[in-house]
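Student: Sequence and predicted structure, then a few things I'm wondering about:
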Amino acid sequence: MSRIDEDEVKTTPEEQVTHENDEELDMYFRFSTPYKFEDDVVEGIDLSGLNNLKTKDISEIERKYYQLGISCFSPENTASYAQIVAQKVTGLPIEFFQQLPIKEIYKIRNRIVNFFYK
């Protein structure tokens, strides 16, 4: 095995830029490819509304989740829960999230779960 010198490791310009508030920048979720919903083409969604959630909001989200008839030990780890949370924080209709490619909703779910447990 060869050893890599630190000088050989290259970074992209985006990696070299430092931001004062990286946490806020992570709240914008960009789709892998633009997503067509109804008459609009959407490149991503803003999840910054997660920062404004209150306990009453989570209670409402959980109520909607359980009305779906799903029983799960960790509901926050499901795609259905992620759809409800994303709908709440973005104001987009639930149909927007139900028609997303599965790869995208799982990435959104991961972003939401990471936010909750960070």
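Tutor: Great, that's in hand. Everything quoted here is computed from the prediction, not taken from an experiment.
Student: where exactly do the helices run in the protein?
Tutor: Taking DSSP state H, the helices of the chain run over residues 13-16, 22-25, 55-67, 79-90, 94-98, 102-117.
Student: Report how many residues lie close to R30.
Tutor: R30 has 11 neighbours, counted by other Cβ atoms under 10 Å. Bear in mind the C-beta positions are built from the backbone N, C-alpha and C, glycine included.
Student: err, I58, not the other one
Tutor: I58, neighbours per other Cβ under 10 Å, totals 14.
Student: mind putting the helices of the chain in JSON lines, distance to D39 included?
Tutor: Converted to JSON lines, the helices of the chain look like this (distance: least, Cβ to Cβ, whole Å):
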{"stretch": "helix 13-16", "distance to D39": "32"}
{"stretch": "helix 22-25", "distance to D39": "29"}
{"stretch": "helix 55-67", "distance to D39": "27"}
{"stretch": "helix 79-90", "distance to D39": "18"}
{"stretch": "helix 94-98", "distance to D39": "13"}
{"stretch": "helix 102-117", "distance to D39": "19"}
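Student: Of the ones you listed, flag the one that's most buried.
Tutor: helix 79-90 (a mean of 21; mean count of other Cβ atoms under 10 Å).
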